[in-house]
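In: Have a look; sequence and predicted model below, questions after that.
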Amino acid sequence: MPFAPESRALYSRLRRWFAKHARPLPWRGQTDPYRIWVSEVMLVQTTVAVGIKRYPRFLKRFPTLRSLARATLDDVMKEWEGLGYYHRARYLHQAARIIQDQYGGVFPSEYDEIRALPGVGDYVAAAVSNFCFGTRVPAIDANVARVGARLFGITGGVRNGPVRAKVYRELSKLMTVGNGAIWTDALIEVGALICSPRSPGCPSCPLTQNCRAFEKGHPDKYGMPEARTPRSEVQVACGIIRRGDGKILIAQRLETGLLPGLWEFPGGKQQAREALAETCRREIEEELAIEVRIGRKRMVVRHAYSHYTVRLHVFDCVYLSGRPRKIGCQNWRWVRPTELHALAFPSANRAIIEAIGGIPTENSQS
DNA sequence: TAGTCGTGGAC
DNA sequence: TGTCCAAGACT
């Protein structure tokens, strides 16, 4: 155990710092695996500020594993609306049913069982195991990867597999003492509050005396992500399709790909040398096999996704003929504007819903 | 391995 | 306004 003395001192400083500076967060200090699991999945690539708002609401809607397992997927998607990365909600629902069916409703306690649940990767499995089942497994999220790379003086982009493997190895050596939950929580908190990507606050960091990057004088030269590929812009057209009784036609997206299972105003991407009104007409025909007359452009919505940005050109349309068919969508529905609030829509559609007199969903607004 | 998958907050 | 990024997982 060559690292034990150093580990103990480091852990001790970390634990004391955490006890004094940790933010009070709604999921902090809990040990119910269902609640911890929900928090970890919700916080994947999601800011703490958003989590603080949405986590309590999710638990109020689905207080227990059983309630989540018994819910319809549509209800879960509605609750997840605005959080993004919607496959997380689908996996959450799936996994709840697996635990209900295969584990008698009792959350599995072995790391390998937790890791095998859909939507649970190395990080979430380690975190749940440490917070709820007393283990000491390095849980490497973006914070811990950055803190670890600096602490151990590991060069290279932190999203890089080999770099993360080194952090894992070194952290395993340190985590032979102390409490795994505190290790995990405290390392993440150091990354969030002190060891930030751009300007690490070394003077107030509990790890400074052990930090190789600090020792070398350039902490910000370590633990940085590799550059991201630039985003392109795509033109999209969609239609507010009305018929005589005032109802509007909406479609439910396919279960795979972008925004799986969410509802939307029918439309799609512009092709080369195509007028946007024609894009709108063509996409609606291809998706639903109906004919519409394209009216005036109602609005343009700009929206940024992970890998590209879109300009969404919204046209007023009049329904002409044909019974809608599920060709490029998994479902469709004629609804009154006041019914839209019950269904999950992408955030980019919020302005459209508001414009046509639907009740705007209050998700993620400040 | 590298691309895909959203969104809002911070600056 | 633009850019970066967050308690990653999956294919």
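Out: Arrived safely. Numbers count the residues shown, from 1 in each chain, chains lettered A, B, ... in the order given.
In: Can you tell me the SS state at the residue of the stretch 201-350 of chain A found nearest DNA strand C?
Out: Nearest to DNA strand C, among the residues of the stretch 201-350 of chain A, is A:P225, at 5.2 Å (Cβ to the nearest atom of the strand). Using the backbone N, CA and C atoms, a C-beta is placed for each residue, glycine as well. Three-state call for A:P225 (DSSP: H, G, I helix; E, B strand; the rest coil): coil.
In: what does the stretch 151-300 of chain A put close to DNA strand C?
Out: A:185, A:188-189, A:191-192, A:197, A:224-225, A:227-228 (Cβ under 7 Å from any atom of the strand).
In: List the contacts of stretch A:66-85.
Out: A:34, A:42, A:44-46, A:50, A:54, A:57-58, A:61-62, A:86, A:88-90, A:92-93, A:96-97, A:99-100, A:105, A:261-262, A:342-345, A:347, A:361, A:363-364 (Cβ atoms under 8 Å, 6 or more residues apart in numbering).
In: can you give me the helices in chain A?
Out: Per DSSP state H, chain A carries helices over the ranges A:4-21, A:33-42, A:48-61, A:65-70, A:73-80, A:87-102, A:111-115, A:122-133, A:142-151, A:161-174, A:180-193, A:212-215, A:276-288, A:350-355.
In: Out of these, which gets nearest to A:A251?
Out: Across the helices of chain A, A:A251 has its closest neighbour in helix A:276-288 (6.3 Å, Cβ to Cβ).
In: helices or strands up against the closest one?
Out: strand A:232-242, strand A:248-252, strand A:267-269, strand A:291-304, strand A:308-321 (3 or more Cβ pairs under 8 Å, 6 or more residues apart in numbering; DSSP states H and E).
In: Let me see the backbone angles for the residue lying closest to A:H87 once chain neighbours are set aside.
Out: Distances taken as Cβ to Cβ, 6 or more residues apart in numbering place A:P260 nearest to A:H87, at 6.2 Å, with adjacent residues excluded. Main-chain torsions, A:P260, degrees, to the nearest 10: phi -60, psi 130.
In: got the contact list for A:P260?
Out: Here A:P260 is in contact with A:86-87, A:90, A:253-254 (criterion: Cβ under 8 Å, 6+ apart).
In: Flag every residue of chain A that's near DNA strand B.
Out: A:45-47, A:49-50, A:82-87, A:161-162, A:229, A:257-260, A:303-307, A:346-348, A:363-366.
In: residues contacting A:L343?
Out: Contacts for A:L343 (Cβ under 8 Å, 6+ apart) come out as A:74, A:78, A:250, A:263, A:335.
In: Equivalent analysis for A:G191, please.
Out: A:141-144, A:146-147.
In: How confident is the prediction for it, by pLDDT?
Out: The model reports A:G191 with a pLDDT of 97.
In: So what's the residue count around the residue nearest to it when sequence neighbours are not counted?
Out: Of all residues not flanking A:G191 in the chain, A:N143 sits nearest, at 2.6 Å (Cβ to Cβ, 6+ apart). When neighbours are counted by other Cβ atoms under 10 Å, A:N143 registers 21.
In: what about chain A, any weak spots by pLDDT?
Out: Scanning chain A for pLDDT under 70 picks out A:1-5, A:359-366.
In: go with 50
Out: A:1-3, A:364-366 (pLDDT under 50).
In: which of the residues of the stretch 151-300 of chain A next to DNA strand C count as buried?
Out: A:185, A:188-189, A:191, A:224 (16 or more other Cβ atoms under 10 Å).
In: can you put those residues in CSV and add distance to A:G153?
Out: Formatted as CSV, these follow (distance: Cβ to Cβ, whole Å):
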residue, distance to A:G153
A:D185, 24
A:I188, 20
A:E189, 21
A:G191, 16
A:M224, 13
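In: Show me which of those is closest to A:A22.
Out: Using Cβ to Cβ, those come closest to A:A22 at A:E189, 5.6 Å.
In: Quick one: residues contacting that closest one.
Out: A:18, A:21-23, A:143 are the contacts of A:E189 under Cβ under 8 Å, 6+ apart.
In: hmm, 10 Å instead?
Out: A:14, A:17-18, A:21-23, A:25, A:28, A:143, A:147, A:195 (Cβ atoms under 10 Å, 6 or more residues apart in numbering).
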